[in-house]
Structures are given as structure tokens and as C-alpha cells.
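1. Predicted model follows, preceded by the sequence.
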Amino acid sequence: MGNPFTPCDFDGGLNLGNKSESNGWIFILRELYISFVSDLQGNDSFMHAFSPSRGTSGGILAVWNTDLISQKRVIISDWFVSVEAVWTRLGLDVMFIVIYAPQGVVCKRMLWANILEMVVSFPGVCILMGDFKEVRDASERLGSRFNSLTATYFNDFIEYADSVDVPLGGPRFTWSDRWGSKFSKLDRFLITEGLLHNFPHITGLVLETNLPDHHPIILIEQPVDYVRGSWSQSVVGLVDMNPWVIFKKKLQFLKSNMRVWNSTSRLQLSNKRKELHVKIDALDGSLMNDASSTLLREQRVTLLKELANLKHLSQIDLTQKVKI
């Protein structure tokens, strides 16, 4: 199947020119007050690019450390800010694209087309991040209608960009309305596969804010050693035994420890769900007497999000059982 996206002209564009070589991370802040930009003035360690507010959004602000990232070109558009740079510690060409997508289907398809053209023509790796205003499947939306057609457009865009949707730890959804009736996973990281060669343990994390609207998300690399504790256990009485026997015993230690951890985690999960149900029932009773209480409704939103996250973990656990 051919590429369904046709590139088109996008508004805006600014080339900030070349800068001296450095390396590192980029820090993305979205919907910040303009006063923050003023605070950056005169600070040689940071540069920024800003796309002004459009509609109800607060705009897009990208900030990077000039001691860590050597930027070559910055493009500013209505719906994204892109930074082409060199990650000098690795000698890696990288393009960061910070996205705040529009609501309309046509506008989003135009945005996907423009970004796709940028990604496929860039010689290095790409990191796309932000609010894509779209979900990939029905499981990423709760309490609102799932549009399979727009999800297909979005999935096609990800596929043609040859990118990976980075798994996010933490809460299942990244956005909710103030009443706790609608939840969606709108914010994410998309990376091209070349980045995985340099950062094989890269992952994302959704931060809990206990407030409605969007959750912050961060991208990290954190290698996890699942077996070090079990493997370091001494095998008493087997010092002079066949190495294969010792190896078998270590595997048995690992299996036993994983069973204990799994059983404990499931029990904690079950108890936490029961506790949340009790709290939600109590809040529902209070809201019947005081339906206008904003504080009670915000507390209910927080509890519902926690419960949705726990249900998601239970579904993952059940899926793994079926596979096994």
C-alpha cells in the first residue's frame, strides 16, 4: 500500500542558524506562561523556540541546554516546533519534534503529512513528542466515542514514519476531563528505530499530578536487572558440584523468588482495588448531598484514574497468563 499522506505547505518557519558543537538532552515544556521565556533571556546555557498560542492552547515551548545539544536548525509552525541538532557525545544527528496537534481531522492529516516528509528525509534519528490529539485503538479511550478511521490515519502515519511508540509506565491515560468522565492517551513519544541502537532500554513514564487535564510525560533510559538478586544467592553445599547443577539451582532460586513477588503483587493489587471502590462509593454518597462540590468531584476524578490504571495492570497480567 502506498503512502496516503500528501505533504502540503505549513505556516511559519524559522531557521536559527548554526551553533557550536555540544551534546545531550532536550527538555520540552508545553503550555507555559510567556514570563518563563523572559526568565531565559541572558542565560547562555539555554536556548528556546516558541510557537505562539493558537485557539485555546498556550503555545509550544522547546528549551534545550546548549552545553548538551548543538542545534543546527529550528522550524516553528502552528502545530509543532522541530529542532535539528547534533548529540555530540554520540556524534548523532537527531531531530526533536514537539507536537501540539489540532482537533480537526483534515488539519491532523495535513500535520501528519508534513511531519512524515520531515522524518523520512532526515538522515539521523527522530524523537516526536507531545499531544497528538489522537489514540491508536479503543483501549486508549474511555468515556468517549472511539473513531476507528482517524485512529487508522494515525497508525498509518506511525508506520510510514518507521517509528516506535514508546511504552509508557505509570497511569494508563495521559488526559482526563475535570469530572472524571472521560480519559484518553493523547500524549506519547514516537522514536525512529535507529535510536534504539544507542538507547536499547529507553522507556517513557507518565507522571501523576492528581489534577485533571494532561499529565506530564518523560523519556528515560533505565536498564533493569531482573535476576541480579536471585543470581547472587549462594548455592550452599554445591561448591564442588558440576557447574550445570549449580546453574540449575540458580534458575530454581529465580523461579521461586518470581513466584513470591508475583503473588505479593497480585494481593496488593487486589487490596488496592477494593480500597478504591470503597472510597469512590463514599464519595458518591457525599456528592448526592452536595453535587456542586468541586473538591469532591476532583477527588473522584483522581480515584477513578487510579482504578482505571489498576484495571489496566490486571488486564496485562491476564494477557500474559493466556500467552503462557
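-> Nice, thanks for sending it over.

2. Identify the residues contacting the helix or strand hosting residue 81?
-> Residue 81 belongs to strand 80-87 when assigned by DSSP states H and E. Contact with strand 80-87 is made by 21-24, 26, 49-51, 60-62, 64, 69-75, 92-100, 111, 115, 118, 122, 130, as judged by CB atoms under 8 Å, 6 or more residues apart in numbering. Glycine gets a C-beta too; all of them are placed from N, C-alpha and C.

3. hmm, 6 Å instead?
-> 23, 49, 51, 60, 62, 69-75, 94-99 (CB atoms under 6 Å, 6 or more residues apart in numbering).

4. So for that strand, mean pLDDT?
-> Averaging pLDDT along strand 80-87 yields 93.

5. again, but for stretch 181-190
-> 91.

6. Compute the first-to-last residue distance for it.
-> Stretch 181-190 has an end-to-end distance of 27 Å (criterion: CA to CA, to the nearest Å).

7. Which positions within that stretch qualify as buried?
-> 183-190 (16 or more other CB atoms under 10 Å).

8. For stretch 161-171, what is the distance to the chain centroid?
-> On the basis of CA atoms, centre = their mean, to the nearest Å, stretch 161-171 sits 6 Å off its chain's mean C-alpha point.

9. Actually, stretch 91-103.
-> 13 Å.

10. let's have the chain start at 39 instead
-> New numbering, starting at 39: the last item is stretch 129-141.

11. which ones are touching residue 332?
-> If a contact means CB under 6 Å, 6+ apart, then residue 332 has no contacts.

12. my bad, should have said residue 192
-> So residue 192 contacts residue 172 (CB under 6 Å, 6+ apart).

13. now do 10 Å
-> By CB atoms under 10 Å, 6 or more residues apart in numbering, residue 192 lies in contact with 139, 146-147, 150, 170-175, 185.

14. swap in residue 331?
-> Contacts of residue 331 by CB under 10 Å, 6+ apart are 321, 324-325, 337-338.

15. elements contacting the longest helix seen in the chain?
-> Criterion DSSP state H: the longest helix present in the chain is helix 281-327. Packed against helix 281-327 by the contact rule (3 or more CB pairs under 10 Å, 6 or more residues apart in numbering; DSSP states H and E) you find helix 266-269, helix 332-361.

16. Worst mean pLDDT among those?
-> The bottom spot among the helices and strands packed on helix 281-327, by mean pLDDT, belongs to helix 266-269, with a mean of 56.

17. neighbours around residue 338, how many?
-> Here the number of neighbours of residue 338 (other CB atoms under 10 Å) works out to 20.

18. Weed out the non-buried ones from the contacts of strand 118-125.
-> Among the contacts of strand 118-125, those scoring as buried are 61, 87, 89, 98, 100, 107-109, 112-113, 132-137 (criterion: 16+ other CB under 10 Å).

19. Check these and tell me the two furthest apart.
-> The distance between the two most remote of the buried ones among the contacts of strand 118-125 (CB to CB) is 25.3 Å, for 61 and 89.

20. one step back: what's the closest of the buried ones among the contacts of strand 118-125 to residue 209?
-> Taking CB to CB as the measure, residue 209 sits nearest to residue 137 out of the buried ones among the contacts of strand 118-125, at 20.3 Å.

21. Quick check: that closest one vs residue 86, distance?
-> Distance, residue 137 to residue 86, using CB to CB, to the nearest Å: 17 Å.

22. picking up where we left off before, in a markdown table: the contacts of residue 192, plus distance to residue 342.
-> A markdown table is the format used below for these (distance: CB to CB, whole Å):
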| residue | distance to residue 342 |
| --- | --- |
| 139 | 25 |
| 146 | 28 |
| 147 | 33 |
| 150 | 32 |
| 170 | 23 |
| 171 | 22 |
| 172 | 23 |
| 173 | 18 |
| 174 | 22 |
| 175 | 21 |
| 185 | 23 |
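
23. All set, thanks.
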